[in-house]
Every structure is written in C-alpha cells, then in structure tokens.
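Undergrad: I'll drop the sequence and a predicted model, then ask my questions.
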Amino acid sequence: YTSSDLYHPHYYVISKKIKVLPNQQIITGPLRLVIADVPLPVIVPFGFLPNQKKGQKNGLILPQYGNSDLRGFFLRGIGYYWDVNDYLGITFNGDLYTRGGWLVGATANYRVQYKFSGSLGFDYTKIVENERGDPDFRRTLTWNLRWSHNQPINPTARLSASVNFSSSNRFQREASFNLNDFLSNDVTSSVSFQKSFNNLPFSISLNANHRQDLNEGTMSFDAPSVNISMTRVNPLKNIVSSNKNLDFLRQLGFTYRFDARNSIPTIQDTLFFDVLLGRVDTVEFFENTEATE
C-alpha cells in the first residue's frame, strides 16, 4: 500500500494479511515500512488504511466549542461541505450561542481550469449580548457579502473582482472573531476589466470601486471609472537624413492618457434599505467627471 502515484513507488507498507473493503478502508495485520525496496525494522501490529476514490467528499464540519462572556456558551463553525461537481463546492456554516445569538452563512468556491475561478460568500448574524433585563443588554443584526473572481478572458483581456460589503456594525459588534476585522475602520471593493490591443498602442481599463466607512456608516462609489492610455509613439523614428542636426527628430514622441470618473457618495442605510425597498421619492446623486489629456 502506498500514497505515491509512481508506477514503481519509492515507499510503501507491506503486510501478509490484508482485508479490503471497497471504497471504504483496508484492514491489515502486521505492517512493515519499505523505502527504496529496502524493508525497515519498523513494524506496526495492525493498520486501518483509507481506500476511497480521489477527490473531495461531502461531509460534516466539526465545530469549536467554548464560552463567551457576552454571548454565552457556543458551538462555532459547525457546517457541512457539499461537493457539487468538479467545478463547484459549497460550504454551509453556522454558529450557535446559548443567549440567543446565531450565524448562518454559505461560501461557494468555483473553478474552471484555464477559464475562471473565484468564491462567493454571504453570512447573516444575530448578536445577543448579556441577559434580557440587564441595562447593557443588546441585540444586533449584521451581514457580510464577499466575492472574489479572476478570469483571464484571452491574452489581451482580463476580468477581476474583489468585493466586500458589510453592515457598518459588522466587525465592531464581535460578529467576526478575527482581530484584524475587529480593528478595521473601512472595507473596500473593486471590479476591473483590462483590455489591450495587439496591433495598437492603446489599452483600456474599466473599474468600479467602493469604499465603506464603518465608523460613519457612509459609502462612496466610483462607477464607472474609465482609463484609456497609449504607450509612447515616435512617429519620426524612421526618418532618414544626412543632416545630423536633425537626429533629434527621431527621438520626438508623445503619449496620451484619458481618465474619467463618476463618484456617488451615499449613506449605507439609504442605499441598501430605502432605495431598494422604494421608500424614498427622490435620491440625490453627486456627479464629478474629470478628463485630462
């Protein structure tokens, strides 16, 4: 038995008594380790070896358990992994707290070889701190949306994204147990598309950016942001002249760059609740477009 993929493995274990349970496990008698076809004086009285097909498997994710002074005893990280197919796997996860708090979430990881890959995740949390009736009793709802994507469309074009949206109280209210998250003052997102041209000196970039101030509860968007640039061109580089004083003409060149940006500042609650649910009659947008040559 060996975990090596070589036709003639460099290492393996050998036994004279073996019972094979297909797609389950292998039960053996005394095992001896062999390296480079040399049996070593290392003998194990019996063994239970895996005998499953390669690849990911569905299964439960065991949780951590413990106690939080504010939220009570907990089971954190309990979940289930679902291997949908060769391109997609989904992890469902959750937390439970004895004082009434909970978290539910899911993360999907996808990958198509040589085409694109990424992950998409969302979780929703109810945080209950202290006991009902206490002066410092608190109940909070938070959410977080994450998306990352990388797609080389062709040798001259690429699409990429790194998106992170959260409620403003997401990290400050102990919804995350990562110290860096707890100390974060803002979150940012970006989606970009870059394109170059084989026979032209031009390249174009389209971007959408987001910045969220967790302390102030405000957001700002740059959507869209356009950049067109041209590499340096020397139109007279092939000029032929017997006059050396005109050699400088071959060095003359120029570049071009165009930038345009549309900015939208807004308040988080207005963006995600009133506007989406149609509870406002008018919305003010502040537009600022810049162009330079």
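TA: Received the coordinates, thanks.

Undergrad: give me the below-cutoff pLDDT ranges for the stretch 51-200 of the chain.
TA: Counting by pLDDT under 70, the ranges of the stretch 51-200 of the chain that qualify are 51-57, 169-185.

Undergrad: all strands of it, in order?
TA: For the stretch 51-200 of the chain, strands defined by DSSP state E, counting those that start in this stretch occupy the ranges 59-61, 64-68, 72-83, 88-97, 102-112, 116-129, 138-154, 157-166, 186-196.

Undergrad: phi and psi next, for residue 249.
TA: For residue 249, the backbone dihedrals (degrees, to the nearest 10) come out as phi -60, psi -30.

Undergrad: so which of the strands of the stretch 51-200 of the chain is nearest residue 254?
TA: Evaluated with Cβ to Cβ, the strands of the stretch 51-200 of the chain place strand 186-196 nearest to residue 254, the distance being 18.9 Å. In short, each C-beta sits where N, CA and C put it, glycine included.

Undergrad: now the strands of the stretch 51-200 of the chain as TSV including mean neighbour count and distance to residue 228?
TA: Putting the strands of the stretch 51-200 of the chain into TSV (neighbours: other Cβ atoms under 10 Å; distance: least, Cβ to Cβ, whole Å) gives the following:
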stretch	mean neighbour count	distance to residue 228
strand 59-61	11	47
strand 64-68	12	51
strand 72-83	16	44
strand 88-97	18	36
strand 102-112	16	30
strand 116-129	18	25
strand 138-154	15	18
strand 157-166	17	15
strand 186-196	16	10
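
Undergrad: can you redo those as JSON lines with distance to residue 49?
TA: As requested, the strands of the stretch 51-200 of the chain are arranged in JSON lines below (distance: least, Cβ to Cβ, whole Å):
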{"stretch": "strand 59-61", "distance to residue 49": "19"}
{"stretch": "strand 64-68", "distance to residue 49": "29"}
{"stretch": "strand 72-83", "distance to residue 49": "22"}
{"stretch": "strand 88-97", "distance to residue 49": "25"}
{"stretch": "strand 102-112", "distance to residue 49": "29"}
{"stretch": "strand 116-129", "distance to residue 49": "33"}
{"stretch": "strand 138-154", "distance to residue 49": "37"}
{"stretch": "strand 157-166", "distance to residue 49": "42"}
{"stretch": "strand 186-196", "distance to residue 49": "46"}
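
Undergrad: distance of residue 20 relative to residue 28?
TA: Applying Cβ to Cβ, to the nearest Å, the value for residue 20 to residue 28 is 10 Å.

Undergrad: then residue 100?
TA: From residue 100 over to residue 28 the distance is 50 Å, taken as Cβ to Cβ.

Undergrad: mind checking which of the two has more residues around it?
TA: Between residue 100 and residue 28, counted using other Cβ atoms under 10 Å, the more crowded position is residue 28 (21 against 15).

Undergrad: what residues are bridge-paired with the more buried one?
TA: For residue 28, the beta-bridge partners under DSSP bridges are residue 18, residue 47.

Undergrad: next one: residue 209
TA: For residue 209, the beta-bridge partners are residue 190, residue 222 (DSSP bridges).

Undergrad: setting aside sequence neighbours, what's the nearest residue to residue 265?
TA: Nearest residue to residue 265 in three dimensions, chain neighbours excluded: residue 220, at 4.8 Å (Cβ to Cβ, 6 or more residues apart in numbering).

Undergrad: do the same with residue 16
TA: Spatial nearest neighbour of residue 16, chain neighbours left out: residue 29 (6.4 Å); criterion: Cβ to Cβ, 6+ apart.

Undergrad: is it true that residue 98 touches residue 75?
TA: No - at 9.5 Å, residue 98 and residue 75 do not qualify as touching, with contact defined as Cβ atoms under 8 Å.
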